[in-house]
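Engineer: Build the 3D model from these lines:
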Amino acid sequence: FFHPLIIHGSGVNRTDGFCKAISCHYANADLCHCIDVRGTTQEHLYDEIRYGMDEETASTLNFDVGDLWKARSRPWNKKPSLNV
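Structural biologist: Numbering: from 1, shown residues only. The predicted structure follows:
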């Protein structure tokens, strides 16, 4: 895997084809936490995620973006930060 800012020997991609990318984020579950973005300039992100769910599912789950990200996260130390 190559980070776009790493200089490597494979050269520039000169194809007309689709370039694939992998993105990940490493964070310490004890120090990092999600904040409620409703009422901020990033509320549209919350709305976009909620739009992907039907209204019944979102209300049944008492939908919270922070809980969604915690549930989708994978712990590297084998200790999940959220008991799902």
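Engineer: remind me which residues of the chain are low pLDDT?
Structural biologist: Applying pLDDT under 70 to the chain flags the ranges 1-11, 13, 21-25, 27-30, 54-65, 74-84.
Engineer: please redo it, this time with the cut-off set to 50
Structural biologist: Within the chain, the stretches with pLDDT under 50 are 84.
Engineer: Give the other helices and strands that whichever strand or helix holds residue 71 contacts.
Structural biologist: Element membership for residue 71 (DSSP states H and E) is helix 65-72. Judged by 3 or more C-beta pairs under 8 Å, 6 or more residues apart in numbering; DSSP states H and E, the packing partners of helix 65-72 are helix 43-51. Backbone N, C-alpha and C define where each C-beta goes, glycine included.
Engineer: hang on, the earlier thing: quick check: angle from the helix holding residue 71 to helix 43-51?
Structural biologist: Inter-element angle recorded for helix 65-72 and helix 43-51: 60 degrees (by axes from the mean of the first three to the mean of the last three C-alpha atoms, to 10 degrees).
Engineer: okay, now residue 72: neighbour count?
Structural biologist: Neighbours of residue 72 under the rule other C-beta atoms under 10 Å: 8.
Engineer: Likewise for residue 70?
Structural biologist: Residue 70 has 17 neighbours, counted by other C-beta under 10 Å.
Engineer: Quickly note the distance from it to residue 33.
Structural biologist: As for residue 70, its distance to residue 33 is 9 Å (criterion: C-beta to C-beta, to the nearest Å).
Engineer: repeat for residue 40
Structural biologist: 15 Å.
Engineer: got it, and residue 73?
Structural biologist: Going from residue 73 to residue 33 by C-beta to C-beta gives 12 Å.
Engineer: Neighbour count for those two, which is higher?
Structural biologist: Remark: of residue 73 and residue 33, residue 73 carries more neighbours, 16 against 11, as counted by other C-beta under 10 Å.
Engineer: Look at residue 68 and say how many residues are nearby.
Structural biologist: By other C-beta under 10 Å, the residues close to residue 68 number 15.
Engineer: repeat for the one 3 residues further on
Structural biologist: For residue 71, the neighbour count with other C-beta under 10 Å is 10.
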